[in-house]
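Chemist: mind looking at a prediction? Sequence and model below.
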Amino acid sequence: MIFPVTFYIFAFIFGAVVGSFLNVCICRLPKNESIVFPPSHCPICEYRIPWYDNIPIISYLVLRGKCRSCKSRISFQYPLVELINALLTLFLFIRFGPSFAFLVLFLFCSSMVVITFIDLEHQIIPDVISLPGIVAGFIFSFFIPQLGWLNSLIGIIAGGGSLWLVAAGYELITKKEGMGGGDIKLLAMMGAFFGWKAVPFIIFTSSLIGSVIGITLMLIQKKDSKLAIPFGPFLALGAILYIFFGRQLIHWYLGLSGVMGG
Ligand SMILES: [Zn+2]
């Protein structure tokens, strides 16, 4: 389906505006602060940010990354989160059009953006996103015939269970805690949204990308090999790749190994 270009522009703007709200979640959820009150303010000088300084992406550029009142630097993370969410929303709209699937995947991807940036900074995945996420994914499955509730339920068990086994095995062997419980709940949420078939794909792609980036980082900063890299962002990336390329990549891989027989 082809829509007028204004639809795509609107999808991008909508994603950016929601991205602005996601920034608030990223800043406040780890501190257990309210995400609705108080209104946006500069963290340095408490200057209350007026609407014209709070326009996603644009205000950062106009203000050249500085607070209007105290001139202290505004984190580049703000426009980055807005841009990422705007592009994800645009790509979802191009792929799925105005549909229930679009709405569900939009909610999912927005949660992934929040989880990624919180995990990068604090090495935690907030339960307030992943636990309701598991429930939401399961409820949505009743309205998505291609998914189905049983597939979603098995997805929750397969997603949570597989990482739990990895974590338990790792702990048993090394007597150290390796993977956090947050990752287990996150993959259970993904299983709820996409069903059990998505689980091996997400584990495989996230481990592959995670290893490549992990090894690269270790080589760059040679001495610090105990660098803690959170796994959540890679799981989120794996799930987003699954949304856009999952089916094609699985078919390509199975075709390559001859299982599909062309
Ligand atoms: Zn300020």
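Modeler: Nice, I can see it.
Chemist: for the spatially most central residue of the chain, list the residues it contacts.
Modeler: Closest to where the C-alpha atoms of the chain average out (C-alpha atoms, centre = their mean) is residue 112, at 1.7 Å. By C-beta atoms under 8 Å, 6 or more residues apart in numbering, residue 112 lies in contact with 236, 239, 240. All C-beta atoms are positioned from the backbone trio N, CA, C, and that covers glycine.
Chemist: which strand or helix spans the first one?
Modeler: Residue 236 is part of helix 232-256, with elements assigned from DSSP states H and E.
Chemist: buried set for that helix?
Modeler: 232-243, 246, 250 (16 or more other C-beta atoms under 10 Å).
Chemist: of the contacts of residue 112, closest to the ion?
Modeler: Set against the ion, the nearest of these by C-beta to the ion is residue 236 (30.9 Å).
Chemist: just to revisit the earlier point, buried residues, the one helix or strand the residue nearest to the centre of the chain maps to. List them.
Modeler: Using DSSP H and E, residue 112 sits within helix 100-122. Residues 101-102, 104-119 are the ones in helix 100-122 that count as buried (16+ other C-beta under 10 Å).
Chemist: what's the closest non-adjacent residue to the residue of the stretch 151-262 of the chain found nearest the ion?
Modeler: Closest residue of the stretch 151-262 of the chain to the ion, C-beta to the ion: residue 233 (29.0 Å). Distance criterion C-beta to C-beta, 6 or more residues apart in numbering; nearest residue to residue 233, sequence neighbours excluded, is residue 116 at 4.3 Å.
Chemist: so how far is the ion from the one you found?
Modeler: 26 Å (C-beta to the ion, to the nearest Å).
Chemist: wait, what's in contact with that residue?
Modeler: So residue 116 contacts 232, 233, 236, 237 (C-beta under 8 Å, 6+ apart).
Chemist: tell me the gap between stretch 118-132 and the middle of its chain.
Modeler: 10 Å (C-alpha atoms, centre = their mean, to the nearest Å).
Chemist: got the CA positions of that stretch in CSV?
Modeler: Extracted C-alpha coordinates of stretch 118-132, given in CSV (Å, rounded to 0.1, in the frame of the first residue of the first chain):
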residue,chain,number,x,y,z
ILE,A,118,18.4,2.6,30.9
ASP,A,119,20.4,-0.7,30.6
LEU,A,120,23.3,1.1,29.0
GLU,A,121,23.5,3.6,31.8
HIS,A,122,22.4,1.7,34.9
GLN,A,123,22.9,-2.0,33.9
ILE,A,124,19.3,-2.7,34.9
ILE,A,125,16.1,-3.5,33.0
PRO,A,126,13.2,-2.0,34.9
ASP,A,127,10.5,-4.5,35.9
VAL,A,128,7.9,-1.8,35.4
ILE,A,129,8.4,-2.3,31.6
SER,A,130,9.2,-6.0,31.2
LEU,A,131,6.6,-7.5,33.5
PRO,A,132,3.6,-5.5,32.1
